[in-house]
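In: predicted model follows, preceded by the sequence.
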Number of protein chains: 2
Amino acid sequence: MRQHITIKDIARIAGVSTSTVSRALSNSPELSEQTRQRILEICRREGYRVNALARSLICNKTNVIGLIVPEMTNPFYAELSLGIETHARSLGYNVILCNGQNDAKVTEELFGFLISHQVDGIILASSQQDAGTMIQKLAPRLPAVLLGTPALVSGDEVNSVCIDNLAGGRLAAEHLLELGHRDIVYLGNRPNSLTHQLRLRGFTEMMEKAGITPQVIDNPHGCSSIDIGCALSRKLFANGCSATAIFASTDSMALGVLQAADEYGISIPEDISLLGFDNIIYSALPKIELSTVDQRKQLLAEATVDLLTRIIDSDEQDEFTHRMIRPTLVSRSSCRASKK
Amino acid sequence: MRQHITIKDIARIAGVSTSTVSRALSNSPELSEQTRQRILEICRREGYRVNALARSLICNKTNVIGLIVPEMTNPFYAELSLGIETHARSLGYNVILCNGQNDAKVTEELFGFLISHQVDGIILASSQQDAGTMIQKLAPRLPAVLLGTPALVSGDEVNSVCIDNLAGGRLAAEHLLELGHRDIVYLGNRPNSLTHQLRLRGFTEMMEKAGITPQVIDNPHGCSSIDIGCALSRKLFANGCSATAIFASTDSMALGVLQAADEYGISIPEDISLLGFDNIIYSALPKIELSTVDQRKQLLAEATVDLLTRIIDSDEQDEFTHRMIRPTLVSRSSCRASKK
DNA sequence: CTGAAAGCGCTTACAG
DNA sequence: CTGAAAGCGCTTACAG
């Protein structure tokens, strides 16, 4: 860090006190317009920039929100981050974007980093079971919102925003049932993720109403990805798969299914229909054309930021809010009517 | 921001001065091991966390690097960011990741934000012509590295790291020539991007050696994307396209070409071969299988962070370094031998 | 080995 | 309308 020009330098040049410079900068009303303009002009000329560290230290407010996402390379989180950052900026907040790398230890360090830097609030995007507990433990007094997992269900005392995964699972089931599928695989259930359990429950409940018990394949890893989806599908296809449709727990997993299907000479949707969850941009590619459940990232992002800033402003910590967004089904060409 | 526990509180509890607590925390040698342990234990118990604002203010060092990328939703930058963050963390630096949103005004604001927050250095990832000038103007005294554009060529007094785009263009040309293509389109040249001009020059020079003049289609937008690639290709295909191969300026653009080709009933690679540039993860998808020039993001990321931290440590500002990484060709199935 | 004091760059009551 | 003074939470010479 090089020595910057300070308020003291400006004061000396202008022949006033540092208090006056400070007042000019913060648009304090108790100051003659003439003095203010003269000082601001000097600041401009000298390239003065307020030291946010010093200002925040004294104001006890940084106007910075910390955002932790589990992985930046997953386009779902990339798109979500963009929405959060844009909306936060429009409300006067800057966002420090942190990459948890799907690692509890890294995530814990990031909490420490953010708290040390006195952020006004934290958003933790996660579908991990213990995400709510993590917030409670690591940032007990800080305004925080859990994004992607319903804290209401987990019983943690934290605020949360997520889509209605139960409804999402139902939507998926309805779509496949309408297309006449009866032999169906749910691929990639993560037993340690509340989000994924709800997704699965909505799906199986709707299926069972139709007298169908889908085959469920668990994903033992802590995250979803193309590679994991591919590995699980290979195992499925290697043993001979009778199913006419696969519901993948996320779009990334579905992309992995596509890859494995390709290797095994299985055509999608000719041989097997494939349905995803998230609606990342790559699902819309012409060669992919993945039918999927849309998480409505824009709505999620705005609801999360709105909630967090409200908590920050209200200074209220005895009450917790849970907001759920309704998902929608996006039908493309990876699902078609069952021939059986 | 809620009131945190401070060094003063710890001092009171431990019955020592704040100086002693500070020394215990910073592992100062001039302190009895017993006292240190006792104080650290109290800090742990009370959940004390140093106020990074205050510490940085006094140390004149934040151990924070600012990273500005043009768009987070482009997987190339998402992957690059991940590499930068990981490597920086291993060197003791935290990264504030900022999304320039392909907007000069937003980018300028981000510079202000980062400088105000006293970052030790800035990385600007950009392929915009004026990126070097921007650094010079907005952060004249701050350690900075331009990533993705060769400042050496633009003549700006800034450090830079990028791949050898000239060589990348040549690699692309060689690959298509070897496959027997002679009627070739370069799609998506950005006249305002030095990076893209070099890429084009390497490509056309190699082509002209073989007596071929490729058709060049400009991208008038300030960035590359699936949508832009698709729009440009639609125009190309609508007018009837005789080319046997298309070299897209980036993988995102190539994905757009795939989409347009699909709409016009053009098969890739059967009718037209397609070559990209970047090697984003989605290019490896089975249904995509895009041949491309690899930017070697990991090497780029490490070289950039190493250079920046060296500048920060050295306090040297009279000398500028430019590092170039050699690209490689990744041959998948979107390119095949020309039938003509 | 430990403490009192000064100071990082800023803001804001408190006087005048 | 303007300035002197105190203070945000910390670190670090300077004494002892």
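Out: Done, it's in.

In: residue ranges with poor pLDDT in chain A?
Out: Residue ranges of chain A with pLDDT under 70: A:1-3, A:153-155, A:315-317, A:340.

In: give me the most central residue, it.
Out: A:A125 (4.3 Å; Cα atoms, centre = their mean).

In: and it, what are its bridge partners?
Out: A:A125 has these beta-bridge partners by DSSP bridges: A:L147.

In: which ones are touching it?
Out: For A:A125, the contact set (Cβ atoms under 8 Å, 6 or more residues apart in numbering or on different chains) comprises A:67-70, A:77, A:80, A:147-148. To be clear about C-beta, it is placed using only N, CA and C from the backbone, and glycine gets the same treatment.

In: repeat for A:Q197
Out: So A:Q197 contacts A:189-191 (Cβ under 8 Å, 6+ apart).

In: name the element it belongs to?
Out: A:Q197 belongs to helix A:194-209 when elements are defined using DSSP states H and E.

In: before we move on, the earlier item: as TSV, the contacts of A:A125 with secondary structure would be great.
Out: Compiled in TSV, the contacts of A:A125 are given as follows (DSSP: H, G, I helix; E, B strand; the rest coil):
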residue	secondary structure
A:L67	strand
A:I68	strand
A:V69	strand
A:P70	coil
A:Y77	helix
A:L80	helix
A:L147	strand
A:G148	coil
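
In: returning to what we had before: now the contacts of A:Q197: which count as buried?
Out: Buried by 16 or more other Cβ atoms under 10 Å in any protein chain shown: A:189-190, out of these.

In: tabulate the contacts of A:Q197 (CSV), appending distance to B:D183 and secondary structure.
Out: Listed next are the contacts of A:Q197 as CSV, based on distance: Cβ to Cβ, whole Å; DSSP: H, G, I helix; E, B strand; the rest coil:
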residue, distance to B:D183, secondary structure
A:N189, 50, strand
A:R190, 50, coil
A:P191, 55, coil
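
In: ok, and which of the contacts of A:Q197 reach DNA strand C?
Out: On the criterion Cβ under 7 Å from any atom of the strand, none of the entries of the contacts of A:Q197 sits beside DNA strand C.

In: just the closest of the contacts of A:Q197 to chain B, please.
Out: A:R190 (21.1 Å; Cβ to the nearest Cβ).

In: need phi/psi at that closest one.
Out: phi -110, psi 100 (degrees, to the nearest 10).

In: does it touch A:N219 like I think?
Out: Yes: using Cβ atoms under 8 Å, A:R190 is in contact with A:N219, at 5.1 Å.

In: hey, what's in contact with both of the two?
Out: Common neighbours of A:R190 and A:N219 (Cβ under 8 Å, 6+ apart) are A:S249.

In: circling back to that earlier point, flag every buried residue along the helix holding A:Q197.
Out: For helix A:194-209, burial by neighbour count (16+ other Cβ under 10 Å) applies to A:194-200, A:202-204, A:206-207.

In: also stretch A:322-333?
Out: Buried positions in stretch A:322-333, judged by neighbour count with 16+ other Cβ under 10 Å: A:322-325, A:327, A:329-330, A:332.

In: is that stretch anywhere near chain B?
Out: No: Stretch A:322-333 lies out of reach of chain B by Cβ under 8 Å from any Cβ of the partner chain, never closer than 10.8 Å.

In: how about that stretch as PDB, C-alpha atoms only?
Out: Extracted C-alpha coordinates of stretch A:322-333, given in PDB (Å, rounded to 0.1, in the frame of the first residue of the first chain):
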ATOM      1  CA  HIS A 322     -38.000 -17.500   5.700                       C
ATOM      2  CA  ARG A 323     -38.900 -16.800   2.200                       C
ATOM      3  CA  MET A 324     -39.800 -19.400  -0.400                       C
ATOM      4  CA  ILE A 325     -39.900 -18.800  -4.100                       C
ATOM      5  CA  ARG A 326     -42.100 -20.900  -6.400                       C
ATOM      6  CA  PRO A 327     -40.100 -22.800  -9.100                       C
ATOM      7  CA  THR A 328     -41.300 -23.200 -12.600                       C
ATOM      8  CA  LEU A 329     -40.900 -26.000 -15.200                       C
ATOM      9  CA  VAL A 330     -39.000 -25.300 -18.400                       C
ATOM     10  CA  SER A 331     -39.800 -27.800 -21.000                       C
ATOM     11  CA  ARG A 332     -37.200 -28.300 -23.700                       C
ATOM     12  CA  SER A 333     -36.500 -31.300 -25.800                       C
END
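
In: in the longest helix anywhere in chain A, what's buried?
Out: In chain A, taking DSSP state H as the definition, the longest helix is helix A:297-314. Using 16+ other Cβ under 10 Å as the test for burial, helix A:297-314 gives A:297, A:299-309, A:311-312.

In: quick check: of those, which lies closest to B:N279?
Out: Relative to B:N279, the closest of these is A:K297; by Cβ to Cβ it sits at 25.8 Å.

In: hmm, A:G83 and the closest one touching each other?
Out: Yes: A:K297 lies in contact with A:G83 (Cβ under 8 Å); the separation is 5.6 Å.

In: would you pull up the residue in the stretch 151-300 of chain A closest to DNA strand C?
Out: A:N159 (27.5 Å; Cβ to the nearest atom of the strand).

In: can you list contacts of the helix or strand harbouring A:A54?
Out: Using DSSP H and E, A:A54 falls within helix A:52-59. Helix A:52-59 is contacted from outside by A:62-63, A:118, B:51, B:53-54, B:56-57, B:62, B:113, B:116-118, using Cβ under 8 Å, 6+ apart.

In: quick one on the thing from earlier: can you put the buried residues of helix A:297-314 in JSON lines and add distance to B:L142?
Out: Putting those into JSON lines (distance: Cβ to Cβ, whole Å) gives the following:
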{"residue": "A:K297", "distance to B:L142": "34"}
{"residue": "A:L299", "distance to B:L142": "38"}
{"residue": "A:L300", "distance to B:L142": "35"}
{"residue": "A:A301", "distance to B:L142": "31"}
{"residue": "A:E302", "distance to B:L142": "34"}
{"residue": "A:A303", "distance to B:L142": "37"}
{"residue": "A:T304", "distance to B:L142": "32"}
{"residue": "A:V305", "distance to B:L142": "29"}
{"residue": "A:D306", "distance to B:L142": "34"}
{"residue": "A:L307", "distance to B:L142": "35"}
{"residue": "A:L308", "distance to B:L142": "30"}
{"residue": "A:T309", "distance to B:L142": "30"}
{"residue": "A:I311", "distance to B:L142": "34"}
{"residue": "A:I312", "distance to B:L142": "30"}
